[in-house]
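Engineer: Pasting a predicted model and its sequence here:
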Amino acid sequence: MEDLVESLTRGNVTEVKVLLASVALALGVYQLFLMAVGYGKLRLPFLASRPAARTHRAVGDTILVVVVVVSVMCLAVYGFDEDGRSHGIAGLILGGVLALKVAVVRFGLGLGRVLPLFGLAVFALLAATWLMSAGDFLGEGG
Amino acid sequence: MGEHGRQMLGSLIAAAIIVAITIAIVTAKFGSTSAAEREVREERLEQREEAREERQEQREEGR
């Protein structure tokens, strides 16, 4: 698996990982905006709540795929090393909360009312995981 | 396409623009530190060093 990731990224595993994680985080910020419109907290003349909620779902699916790809790259190449323990723990919790949120969106599970909290938790964990890895890397100047 | 369809398309295009801007900013931050570019740079340095050594050897042989 490690060789596959290395060859797919042509040896730039960290750079590709940072890029994908940054795209996921940027889309995460956009998700907050979309749901603010979707829940009617933000009223805009050019975007109604229904299309905003639909786009939120589509962008959310995209983020999910990106997060899974980044996680696989991360685990395949770096595993759980001492240096990135907190990043790994944040990533694991993010995976769990994201899976739970998807389950609630698809099957309800009687937790529909707390869906916004799940969304906020996913964003906070995504930001924390990004800060502990990609943010550090970009802060060092690449 | 209805009004909602147009709005959804617009918001998806906005998402694509956000992705493009993020990619541009992050890759600009990387600069020329990618492994492929590093390899090319190292190869060029090695070639220069070899050429210098060759010239030096030729000069020494000429003496």
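Structural biologist: Nice, thanks for sending it over.
Engineer: For chain A, which residues are neighbours of chain B?
Structural biologist: Within chain A, the positions near chain B by Cβ under 8 Å from any Cβ of the partner chain are A:10-12, A:15, A:18-19, A:22-23, A:26-27, A:30, A:34, A:46-48, A:50-52, A:54-55, A:58-59, A:62, A:138, A:141-142. Every C-beta, even on glycine, is put in place using the N, C-alpha and C of the backbone.
Engineer: please redo it, this time with the cut-off set to 6 Å
Structural biologist: Chain A has residues A:10-12, A:15, A:19, A:22-23, A:26, A:30, A:47, A:50-51, A:54-55, A:59, A:138, A:142 near chain B, with proximity defined as Cβ under 6 Å from any Cβ of the partner chain.
Engineer: if you look at those, which of them are in helices?
Structural biologist: Judged by DSSP state H, those include A:15, A:19, A:22, A:23, A:26, A:30, A:50, A:51, A:54, A:55, A:59, A:138 as members of helices.
Engineer: the bottom helix or strand of chain B by mean pLDDT?
Structural biologist: The weakest-scoring helix or strand in chain B, judged by mean pLDDT, DSSP states H and E, is helix B:35-62 (a mean of 80).
Engineer: now do chain A
Structural biologist: Scanning chain A with mean pLDDT, DSSP H and E, the lowest is helix A:136-139, at a mean of 78.
Engineer: how much space between the spatially most distant residue from the centre of chain A and chain B?
Structural biologist: For chain A, the largest distance from the centre (Cα atoms, centre = their mean) belongs to residue A:45, which lies 28.7 Å off. Using Cβ to the nearest Cβ, to the nearest Å, residue A:45 is found at 10 Å from chain B.
Engineer: Could I get the pLDDT score of that residue?
Structural biologist: Per-residue pLDDT puts residue A:45 at 92.
Engineer: do residue A:113 as well
Structural biologist: 86.
Engineer: next one: residue A:39
Structural biologist: Residue A:39 is assigned 92 on the pLDDT scale.
Engineer: Just give the number of residues close to it.
Structural biologist: Using other Cβ atoms under 10 Å in any protein chain shown, residue A:39 is surrounded by 15 other residues.
Engineer: I'd like to know how far residue A:42 sits from residue B:16.
Structural biologist: Look at residue A:42 and residue B:16: by Cβ to Cβ, to the nearest Å, they are 21 Å apart.
Engineer: ok, now residue A:27?
Structural biologist: Distance of residue A:27 to residue B:16, given as Cβ to Cβ: 10 Å.
Engineer: Compare the two (neighbour count), which wins?
Structural biologist: Neighbours per residue, other Cβ under 10 Å: of residue A:27 and residue B:16, the larger number sits with residue A:27, 20 against 9.
Engineer: what residues are up against that one?
Structural biologist: A:59, A:63 (Cβ atoms under 6 Å, 6 or more residues apart in numbering or on different chains).
Engineer: ok, it to residue A:130 distance?
Structural biologist: 12 Å.
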